[in-house]
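Trainee: when you get a sec, could you give me coordinates for this:
(one chain, ligands or ions: 1)
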Amino acid sequence: NPNAKVGPQVNYTITGIDSGAGIMSSTTKAINTYGLKKEKWQLQASSTAAMLSSLDKALKYKQPIVITGWTPHWMFQKYPIKFLKDPKNAYGKGEHIQTIIHKGFEKKDPGATKLLKQFHWNDELMSEVMFKIDKGENAEKASKEFIAKHPELVKQWLNGVPEGHGQPVKLVLVSWDSELSSSNVVAQLLRMKGYKPTLSAMEAQPMWTSLSTGSADASTAGWLPTTMAPMYKKYKNNVEIIGTSIDKAKVGLAVPKYMKNVNSIEDLKK
Ligand SMILES: C[SH](C)CC(=O)O
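Mentor: Predicted structure coming up:
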């Protein structure tokens, strides 16, 4: 019944992703900021895959659901869902995806750092890789195909980057499709210049810890200034933001479009 109260229809539950993700701390903040706590709204942690399969099922049976959503991601192309307005900016005014290195890395490897600084693209270009990954294609293969298709971009990205002579570059990421895309393209670009990149996928918290201790060199998974603010604040003395790979990203809550009366986070209280 589209006019009934939203809360009871979804058991006052927001379907989230892995508990360490920044979107989860932003959602906890939103539950407080919008007074949803009073009505016992809760955030269910699971994984990106589990959230997407719950979304898929809800849409199949035209059921109501509230999920943690973000772009760039293929969910907004694949599914008829919409972001809820966030008038109190609990999720920030608009995010970027930034490239982070361990504080000492630029000194150790200025060449690889120059490549990382020059890596910049947009939602549309990332989606060429992300959609193939969603269809089950190997991320490295999809990255090689992207690079073969965009020689002009590759020329910009590699402009002035010195040969790597087998220098190792330890990249870390969280396995969101956006980061699988950017990390594999960056790894391929590094290989083209003779560096030896490794990719380690992990939860958001250990990703930041490894960048701060130097057990990792770099990551293209810095969802900032709001989403990963708690982690950046904790480790900012040992890490450095050296660039932005995606200028326009968006993080928030999303619902199926058939939930016609739910267009703002405020509407969850109706
Ligand atoms: C899943 S992306 C919004 C990044 C994050 O939540 O930390």
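
Trainee: assign the closest residue to P230 other than its chain neighbours to helix, strand or coil.
Mentor: Among residues not flanking P230 along the chain, S25 sits closest, at 5.4 Å (C-beta to C-beta, 6 or more residues apart in numbering). Using the backbone N, CA and C atoms, a C-beta is placed for each residue, glycine as well. The assignment at S25 comes out as helix when based on DSSP: H, G, I helix; E, B strand; the rest coil.

Trainee: S25 and V10: what is the separation?
Mentor: Noted for S25: a distance of 21 Å to V10, by C-beta to C-beta, to the nearest Å.

Trainee: so where's the stretch 1-150 of the chain shaky on pLDDT?
Mentor: Applying pLDDT under 70 to the stretch 1-150 of the chain picks out residues 1-3.

Trainee: which residues of it lie near the ligand?
Mentor: Neighbours of the ligand within the stretch 1-150 of the chain, by C-beta under 6 Å from any ligand atom: 21-23, 70.

Trainee: what's the neighbour count on K260?
Mentor: K260 has 10 neighbouring residues, counting by other C-beta atoms under 10 Å.

Trainee: what pLDDT does the model give it?
Mentor: Note on K260: pLDDT of 95.

Trainee: which SSE is it in?
Mentor: In this structure, K260 sits in neither a helix nor a strand according to DSSP states H and E.

Trainee: please apply the same query to K37.
Mentor: Following DSSP H and E, there is no helix or strand that holds K37.

Trainee: Q156 and the ligand, how far apart?
Mentor: Distance from Q156 to the ligand, counting by C-beta to the nearest ligand atom, to the nearest Å: 26 Å.

Trainee: ok, that residue - contacts?
Mentor: Taking C-beta atoms under 8 Å, 6 or more residues apart in numbering, we find Q156 in contact with Q118.

Trainee: list the buried residues of the helix or strand where V255 lies.
Mentor: Per DSSP H and E: V255 is located in strand 239-256. Within strand 239-256, the residues scored as buried using 16 or more other C-beta atoms under 10 Å are 239-240, 242-246, 249-256.

Trainee: flag every residue of the stretch 151-270 of the chain that's near the ligand.
Mentor: Residues of the stretch 151-270 of the chain found near the ligand (C-beta under 6 Å from any ligand atom) are 176, 204, 223, 227-228, 251.

Trainee: any idea how far K149 is from the residue nearest to A254 when sequence neighbours are not counted?
Mentor: In this structure, A254 finds its nearest non-sequential neighbour in G69, 3.3 Å apart by C-beta to C-beta, 6+ apart. Per C-beta to C-beta, G69 is found 28 Å from K149.

Trainee: so if I had to pick from the two, which one is more boxed in?
Mentor: Each of G69 and K149 has its neighbours counted (other C-beta under 10 Å); G69 has more, 24 against 11.

Trainee: spit out the contact partners of that one.
Mentor: Neighbours of G69 in contact, by C-beta under 8 Å, 6+ apart: 75-76, 81, 83, 251-254.

Trainee: quick one: which helix or strand includes it?
Mentor: Using DSSP H and E, the element containing G69 is strand 67-71.
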